[in-house]
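Colleague: compute the structure for the input listed below.
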Amino acid sequence: MKQITLNTGKTIGEGSPCYVIAEIGINHNGSLEIAKQLIDAAVEAKVSAVKFQKRTPEICVPKDQWEIVRDTPWGKMTYIDYKRKTEFGILEYSEIDNYCKSKGIDWFASAWDEPSVDFMEQFNPVMYKLASASLTDDSLIRKICATGRPIMISTGMSRMDEISFAVDLIREYGDYPLMIAHATSAYPCKPEELNLRMIKTLKNMYPEYIIGYSGHETGLSTTVSAVAIGAQFVERHFTLDRAMWGSDHAASVEPQGFVRLVKDIHDTELSLGNGIKQVYESEIGPMKKLRVNITENRLVDML
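Modeller: Below you'll find the predicted structure:
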């Protein structure tokens, strides 16, 4: 499977531009207005898709953490109440669905539990993301695969045998549309722990699948390097301001940074070429000026 065609008509994989995902996640801080501002900024940056996170707090938050009191922008509250407050429901996601369609940008979500898959299905998502923390959740993987929609799995905090087990589980569903993202789950991640050569390792292990990169570093150049190595899709967390309150903002990219990132990624793709040496027409003028020993016949052959 060298290419996946999404239900919006966009393609990911061989012969397609790098599919760039702006991970809004929970960086909206429970505000639909902030979510829309982030979507607008993503459209301005010409990203391929925005991604959110969908959880059922009562399932995803361990019960021993429910009553822990946290300081939040809304004052002190229990952790479970905080997670409920920042979780979008049907009204918010209906608005997000309509807003993204009006802007012509793909959107989808990481589903962290099985009821969240059922919830997202009503929006006909282009794909599902399986977060690194969920890579060993076999039931959730099966739930997503039962939808038949493309699945992007992230491989942070995972051993090779855990990655292989998850891929083998997905293979039980046949020639399934699978995207595998190399990742390191540190927020933000130090450059020496990015291990970008894992992209090539995954490409060699799984030549039939589409391999990409989910980054949590603070800079941009390493994500561009991932594309140069062979990542066919990339994902970076997205925020209006890295100084905003919340756990993911510090490892996120701000709007102007995302504009630069998308441009640099596509410039890098163009610059890679086909690996076949040729003399370009733009070189002929300098050649005539700078090379003494060149014949007309040789020049014709080059052209």
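Colleague: okay, CA-based contacts and neighbour counts for the rest of this
Modeller: OK.
Colleague: most centrally placed residue in this structure?
Modeller: residue 235 (2.4 Å; CA atoms, centre = their mean).
Colleague: and that one, bridged to which residues?
Modeller: Beta-bridge partners of residue 235, counted by DSSP bridges, are residue 21, residue 214.
Colleague: for the longest helix belonging to the chain, buried residues please.
Modeller: The longest helix of the chain (DSSP state H) is helix 255-272. The neighbour-count check on helix 255-272 (16 or more other CA atoms under 10 Å) flags 255, 258-259, 261-266, 269 as buried.
Colleague: off-centre distance for whatever helix or strand residue 70 lives in?
Modeller: Counting by DSSP states H and E, the element that carries residue 70 is strand 69-72. Mean-position distance between strand 69-72 and its chain equals 30 Å (CA atoms, centre = their mean, to the nearest Å).
Colleague: parallel or antiparallel, list what pairs with it.
Modeller: Partner strands and pairing direction for strand 69-72 (DSSP bridges) are strand 75-78 (antiparallel).
Colleague: who touches the partner strand?
Modeller: 66-71 (CA atoms under 8 Å, 6 or more residues apart in numbering).
Colleague: which among the residues you listed count as buried?
Modeller: With burial judged by 16+ other CA under 10 Å, the buried subset of those is residue 66.
Colleague: and which of the contacts of strand 75-78 is nearest residue 165?
Modeller: Nearest to residue 165 out of the contacts of strand 75-78 is residue 66 (CA to CA; 31.6 Å).
Colleague: contacts only, for that closest one.
Modeller: Residue 66 makes contacts with 78-81, as judged by CA under 8 Å, 6+ apart.
Colleague: what's the answer for residue 114, then?
Modeller: Counting by CA under 8 Å, 6+ apart, residue 114 touches 139-140, 143.
Colleague: got a PyMOL select line for the buried ones in the residues you listed?
Modeller: Of the contacts of residue 114, the buried ones go into a single PyMOL selection, burial set by 16+ other CA under 10 Å:
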select buried, resi 140
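Colleague: got a list of contacts for stretch 12-21?
Modeller: Outside stretch 12-21, the residues that reach it (CA under 8 Å, 6+ apart) are 2-6, 47-51, 210, 227, 231-236, 262, 265-266, 269.
Colleague: where do the strands sit along the stretch 151-300 of the chain?
Modeller: Ranges of strands in the stretch 151-300 of the chain, per DSSP state E, counting those that start in this stretch, are 151-154, 178-183, 210-215, 233-237.
Colleague: re earlier: okay, and which of the contacts of residue 114 map to helices?
Modeller: Residues of those located in helices (DSSP H): 139-140, 143.
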